[in-house]
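Asks: coordinates for the following, if possible.
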Amino acid sequence: MEQKQTGTGQDSNARARISRRGFLAGVGAGVGAAGALALRPAEAIAEVLTPRAAGLATSPDHFGRIFNLPPFADLAVPDLPAALRAIGAPGGLLDAKDALDQGPVLLLTNPALSANNPDNPNHTAGTTFMGQFLDHDITFDQTSKLGVITEPTTTPNQRTPAFDLDSVYGGGPTVTPALYDPADTDKFVVESGGLFEDLPRRADNSAIIADPRNDENLILGGLHAAFLLFHNHVVDLLRSQGQTGSVFAPAQQLVRWHYQWMILHEFLPLFVGQAVVNDILTNGRKVYRPAAGQQFMPVEFQGAAYRFGHSMVRPSYRANLAGDPGGNPATGAPAFFGLIFDSAGNGQADPVDLRGGARAPRRFIGWQTFFDFGGSFTTALRHNKLIDTHISSPLFNLPIGAIAPGTEQAPLVLPQRNLLRQMTWSIPSGQIIAQALGIPVLWAEHFPELQQFGHGLPSSTPLWYYVLREAETVGGQTLAGVGARIVGEVFIGLLQLASTSYLATNPTWRPTLPQQSGAVTGDFRMVDLLTFAKVDPTSRGQ
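Replies: From the prediction side, this is the model:
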């Protein structure tokens, strides 16, 4: 029997309806404008903000809430967890039903095999993994339990809520010396996988890095290794310019500031649209307004809105173009193709899939597949998936190694984990947040597939699911509405409020490192970082 809707307190039939065309108009039609819209007056929005979000109370080392609003459903109803698991079940509503039996090569090269899971023409394949890397820099919950109601303010965040790369630097050479080269403690230890760089590893192949989650998959581990090399080359540059003594601190600041520049000028616009970024920078943050230096990680972001990135993951990738010369041509050799996760790789020393936690000569990343280096390299470029309610099928059967250490291993189905987390944090529905902000609301007619699961979910929808549908409604190339507002404001808030951020301490600063061309232009993008780190295709020679 369908439960009474909790998040809004009224029958959806009594509400004003909004068509898809009306929603598009309300959030701003087109990729560049999605989510850029007029909100309710600030004083009205302030009525639904928690004291922490409004800047009146602080606890930056614990999670918190933005909205003082009721949860999406009656969390005491015993069968709610089963309903959420059913929504996220393998083969169910969210499963893109990719033709995994056709193998990783065809899944990457034949779009017809992923008809329910189309590509995003505006995102390169690396956007997904940079999004994951950013997440691991600002949030890590090792305490709460899936589906068990938990007060966020009692739950510590193991990462600093700042884009300061503590997931890479740890506590620095003195506090976490195992990350650094004992012969030159200004630099990180970087090892070889046989052909190219690899994370430093123990005998069991577990990575010696500040955040173990950055070895969950091969691409993410490659990004982490690229940042280690980026820092090391910045150290070399500063020494070549005549700086003496330890240059760790100035190198760390240069790395952080160039990284933050990329976040604001390259990746956040891809996530939420440039118009939303411009609106927040020009008109200010309306919902995420903690005091300077007292920024915290809100669960509406950590547990829901920022999990949109799971929808962007491809079922398979080409890790590199020439790393497997002795491999089977039928499976793509000499290129190394793999499903992102494949149970056939369980127990293998050199898994057939792209999970992390392994070392072999072919396990490195050819970045021309993931980011656009221009020229002849563009032909190798691939894209990620649209932001929508279709999740690539490998994410419905995660390997144990893809589950963050210290957290629950079950279920191994990523969409189920995301939906149960809406219960954990008592997160409000997308509809009630949209109403509170004055954003066009997607009511029950936009979620007919949820009717069968009861609990009033079509009209009081879990925020993670709602954010995916919002994006889907405007074409799936960026977030929209509630999702764009939460993600945009938290990102910009962290950049404006943290003392380690250039926006907080030197907002007129421009990048000083060279771009891919070798010229210093005052701009800096991901391909420039990879080139400076010497992991670009030209430096690799493949």
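Asks: thought residue 405 was touching residue 215?
Replies: No. Between residue 405 and residue 215 there is no contact under CB atoms under 8 Å: 10.1 Å. (Glycine included, C-beta is placed from N, CA and C.)
Asks: can you show me the helices along the stretch 401-542 of the chain?
Replies: All helices of the stretch 401-542 of the chain, identified by DSSP state H, counting those that start in this stretch, fall at 414-424, 430-437, 463-473, 481-497, 502-505, 526-532, 537-540.
Asks: got phi/psi on residue 180?
Replies: Phi and psi for residue 180, reported as degrees, to the nearest 10, are phi -120, psi 160.
Asks: roughly how far does it sit from residue 246?
Replies: Distance, residue 180 to residue 246, by CB to CB, to the nearest Å: 11 Å.
Asks: those two: who's more crowded?
Replies: With neighbours defined as other CB atoms under 10 Å, residue 180 and residue 246 compare such that residue 180 has more, 19 against 12.
Asks: residue contacts, residue 131?
Replies: Residue 131 makes contacts with 267, 271, 309, 312, as judged by CB atoms under 8 Å, 6 or more residues apart in numbering.
Asks: apply 7 Å and report the result again.
Replies: By CB atoms under 7 Å, 6 or more residues apart in numbering, the contact list for residue 131 reads residue 309.
Asks: distance check, it against residue 105.
Replies: For residue 131 relative to residue 105 (CB to CB), the value is 25 Å.
Asks: ok, residue 415 next?
Replies: Residue 415 sits 26 Å away from residue 105, taking CB to CB as the criterion.
Asks: between those two, which one's more packed in?
Replies: Using other CB under 10 Å, the more surrounded residue of residue 415 and residue 105 is residue 415, with 28 against 17.
Asks: what about the nearest residue to the more buried one once chain neighbours are set aside, distance to residue 530?
Replies: Counting by CB to CB, 6 or more residues apart in numbering, residue 88 is the residue found nearest to residue 415 once chain neighbours are left out, at 3.4 Å. To residue 530, residue 88 is 35 Å away according to CB to CB.
Asks: poorly predicted segments of this protein, please.
Replies: The model of the chain has pLDDT under 70 over residues 1-37, 57.
Asks: ok, back up a step: ok, residue 405 and residue 215, which is more surrounded?
Replies: A count of neighbours by other CB under 10 Å puts residue 215 above the other of residue 405 and residue 215, at 24 against 11.
Asks: so the more buried one makes contact with residue 223?
Replies: No. Counting by CB atoms under 7 Å, residue 215 does not reach residue 223; the two are 10.7 Å apart.
Asks: distance of residue 511 from residue 526?
Replies: To residue 526, residue 511 is 12 Å away according to CB to CB.
Asks: sorry, that was for residue 505
Replies: 23 Å.
Asks: quick one, strands of the protein?
Replies: 63-64, 119-124, 180-181, 184-188, 191-192, 197-198, 297-298, 316-320, 336-339, 383-385 (DSSP state E).
Asks: show me what the third one is packed up against.
Replies: Applying 3 or more CB pairs under 7 Å, 6 or more residues apart in numbering; DSSP states H and E, one finds that strand 180-181 makes contact with strand 184-188.
Asks: rerun that using 6 Å as the cut-off
Replies: Judged by 3 or more CB pairs under 6 Å, 6 or more residues apart in numbering; DSSP states H and E, strand 180-181 is in contact with no other helix or strand.
Asks: and the residue nearest to residue 45 when sequence neighbours are not counted, how many residues sit next to it?
Replies: Residue nearest to residue 45 in three dimensions, not counting chain neighbours: residue 286, with 5.5 Å by CB to CB, 6+ apart. Neighbours of residue 286 under the rule other CB under 10 Å: 19.
Asks: phi and psi next, for residue 286.
Replies: Dihedral angles for residue 286 - degrees, to the nearest 10 - are phi -110, psi -30.
Asks: now the end-to-end length of stretch 487-507.
Replies: 21 Å (CA to CA, to the nearest Å).
Asks: cool, and stretch 499-509?
Replies: 14 Å.
Asks: pull the distance from that stretch to the chain's centre.
Replies: 23 Å (CA atoms, centre = their mean, to the nearest Å).
Asks: mind listing what's buried along that stretch?
Replies: For stretch 499-509, the neighbour count (16 or more other CB atoms under 10 Å) marks 500, 501, 502, 503, 504 as buried.
Asks: any chance of those in JSON lines, plus distance to residue 400?
Replies: Formatted as JSON lines, the buried residues of stretch 499-509 follow (distance: CB to CB, whole Å):
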{"residue": "500", "distance to residue 400": "34"}
{"residue": "501", "distance to residue 400": "36"}
{"residue": "502", "distance to residue 400": "39"}
{"residue": "503", "distance to residue 400": "39"}
{"residue": "504", "distance to residue 400": "39"}
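Asks: now stretch 278-295 - C-alpha only, CSV.
Replies: Extracted C-alpha coordinates of stretch 278-295, given in CSV (Å, rounded to 0.1, in the frame of the first residue of the first chain):
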residue,chain,number,x,y,z
ASN,A,278,28.7,32.6,-13.6
ASP,A,279,25.4,33.1,-11.7
ILE,A,280,26.9,31.9,-8.4
LEU,A,281,30.1,33.9,-8.8
THR,A,282,28.2,37.0,-9.7
ASN,A,283,25.1,36.8,-7.5
GLY,A,284,26.5,34.8,-4.6
ARG,A,285,25.7,31.5,-2.9
LYS,A,286,22.1,31.2,-1.7
VAL,A,287,22.0,27.8,0.0
TYR,A,288,25.5,27.0,1.1
ARG,A,289,26.7,29.9,3.2
PRO,A,290,28.9,28.7,6.1
ALA,A,291,31.3,31.2,7.7
ALA,A,292,34.7,31.6,6.2
GLY,A,293,37.0,28.8,7.3
GLN,A,294,34.0,26.8,8.6
GLN,A,295,32.9,25.1,5.5
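Asks: could you find the closest non-adjacent residue to residue 351?
Replies: Leaving aside its sequence neighbours, residue 351 sits nearest to residue 345 (CB to CB, 6+ apart; 3.2 Å).
Asks: quick check: that neighbour touching residue 356?
Replies: No. Residue 345 is beyond contact range of residue 356, at 11.0 Å (criterion: CB atoms under 6 Å).
Asks: more crowded one of these two?
Replies: Neighbours were counted for residue 345 and for residue 356 using other CB under 10 Å; residue 356 has more, 25 against 18.
Asks: pretty sure the more buried one sits against residue 219.
Replies: No. The pair residue 356 / residue 219 is not scored as a contact, 9.0 Å apart, by CB under 6 Å.
Asks: for residue 449, the count of nearby residues, please.
Replies: Residues within reach of residue 449, counting by other CB under 10 Å, total 15.
Asks: measure it to residue 457 for me?
Replies: 10 Å.
Asks: overlap in contacts, the two.
Replies: Counting by CB atoms under 6 Å, 6 or more residues apart in numbering, no residue touches both residue 449 and residue 457.
Asks: tell me how many other residues crowd residue 281.
Replies: Around residue 281 there are 15 residues (other CB under 10 Å).
Asks: and the closest residue to it other than its chain neighbours, how far is that from residue 46?
Replies: Closest residue in space to residue 281, ignoring its immediate chain neighbours: residue 492 at 6.6 Å, by CB to CB, 6+ apart. For residue 492, the distance to residue 46 equals 18 Å [CB to CB].
Asks: what's the answer for residue 271, then?
Replies: Separation of residue 271 from residue 46 (CB to CB) stands at 26 Å.
Asks: could you give me the buried positions within the helix ranked longest in the chain?
Replies: For the chain, the helix with the greatest residue count under DSSP state H is helix 218-240. Buried residues in helix 218-240, defined by neighbour count with 16+ other CB under 10 Å: 218-235, 237-238.
Asks: cool, and stretch 252-265?
Replies: 252, 254, 255, 256, 257, 258, 259, 260, 261, 262, 263, 264.
Asks: OK, contacts around the nearest residue to the fifth one once chain neighbours are set aside?
Replies: Right, residue 257. Nearest non-adjacent residue to residue 257, counting by CB to CB, 6+ apart: residue 502, 4.4 Å away. Neighbour list for residue 502: 257, 260, 509 [criterion: CB under 6 Å, 6+ apart].
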